[in-house]
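> sequence? don't have it. structure:
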Ligand SMILES: Cc1cc2nc3c(=O)[nH]c(=O)nc-3n(C[C@H](O)[C@H](O)[C@H](O)COP(=O)(O)O)c2cc1C
């Protein structure tokens, strides 16, 4: 069995195409190894997750840092099969939603703070974009911390942002009040398969030392496309009727095709309809 430092190096080399130095004397290498080996899981065993375990994981997620200690993100735990089936039916392209024993929804809650101000007899002159932004960022942090805790106990997760394709319907279905919006859903279950590491852009594209730089970006993305295709090639090309078939189909071609169609252009209107002020 290789030591933890070697395991971490192997995972990160697969992820970033770079050999990182890992000091074998560092503490917490078991946790680093898990973080480095992260992967989403989209297939689950038909096995429930005990409510006590879910509560523990929610508590760990909610132990994440929170902007100004404002605590503006919540988790909705959905076990009701009628509800998860209704959500899954809206998103047939993602059959893993129907398979998940528990479906979570990470919520941006811009409602509690103005309520507190009112209860404390104070004005609330901060109903603007920053309220929305802080609550959504907190929800994203919560989501990431939930995944970290869940993966530590052997669970697998898959965030589901496509619920925002049906934000209004799902909000109504979940009876979300004004100023509470779904940031992302999440499938969580006991993994039915091991899954694999998805390569990321190289660190010299996404980590900027001292100053922001984009030097050689096109070439670096091209190299990433090739590295990624060697281990995780796309099975299907997107929208061939419109774009034809590419001889080489990499990540950047896939993402460019994905974003060549308008997506969720009505999301701002939805957020405004939930009484968030985006100015
Ligand atoms: C905010 C967020 C939303 C996501 N939404 C979806 C989704 O709707 N459906 C899905 O299958 N995966 C979704 N994912 C999972 C990503 O596709 C996945 O993280 C990415 O492909 C990288 O894979 P990895 O997490 O295994 O490294 C989402 C991930 C995040 C962070």
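Nice, thanks for sending it over. All values derive from a computational prediction rather than experimental measurement. Numbers count the residues shown, from 1 in each chain.
> only C-alpha atoms for contact and neighbour calcs from this point on.
OK.
> which stretches of this protein form strands?
Per DSSP state E, the chain carries strands over the ranges 73-78, 102-109, 156-160, 180-189.
> Now tabulate the ones you listed in TSV and tack on distance to the ligand, mean neighbour count and mean pLDDT.
Conversion of those to TSV gives the following (distance: least, Cα to the nearest ligand atom, whole Å; neighbours: other Cα atoms under 10 Å; pLDDT from 0 to 100):
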stretch	distance to the ligand	mean neighbour count	mean pLDDT
strand 73-78	14	20	98
strand 102-109	10	25	98
strand 156-160	3	23	98
strand 180-189	6	25	98
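> Show me the one of those that comes nearest residue 25.
Distance to residue 25, taken as Cα to Cα, is lowest for strand 156-160 among those, at 28.9 Å.
> And for the closest one, what's in contact with it?
40-42, 44, 143, 147, 150-151, 184-191 (Cα atoms under 8 Å, 6 or more residues apart in numbering).
> Is it possible to get TSV of the strands of the chain that adds distance to residue 66?
Compiled in TSV, the strands of the chain are given as follows (distance: least, Cα to Cα, whole Å):
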stretch	distance to residue 66
strand 73-78	9
strand 102-109	12
strand 156-160	20
strand 180-189	16
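> Looking at this structure, which residue reaches furthest from the middle?
residue 121 (37.1 Å; Cα atoms, centre = their mean).
> Could you count how many residues lie near the closest residue to residue 277 other than its chain neighbours?
Spatial nearest neighbour of residue 277, chain neighbours left out: residue 128 (4.9 Å); criterion: Cα to Cα, 6 or more residues apart in numbering. Around residue 128 there are 12 other residues, counting by other Cα atoms under 10 Å.
> what separates residue 94 from the ligand, distance-wise?
6 Å (Cα to the nearest ligand atom, to the nearest Å).
> and that residue, what pLDDT?
For residue 94, the pLDDT comes out at 96.
> Give me the residue at the spatial middle of the chain.
Centroid check for the chain by Cα atoms, centre = their mean gives residue 159 as the closest residue, at 4.6 Å.
> Kindly provide the distance from it to residue 130.
24 Å (Cα to Cα, to the nearest Å).
> cool, and residue 141?
Note on residue 141: its distance to residue 130, by Cα to Cα, is 16 Å.
> if you count what's nearby, which of these two comes out ahead?
Higher neighbour count among residue 141 and residue 130: residue 141, with 18 against 14, using other Cα under 10 Å.
> so where do the helices sit in this protein?
Under the criterion DSSP state H, the chain carries helices at the ranges 4-16, 29-36, 51-61, 81-90, 96-99, 112-119, 129-152, 167-173, 203-206, 217-231, 240-243, 251-258, 267-273.
> Do I have it right that residue 88 meets residue 97?
Yes - with contacts counted by Cα atoms under 8 Å, residue 88 reaches residue 97, the gap being 5.3 Å.
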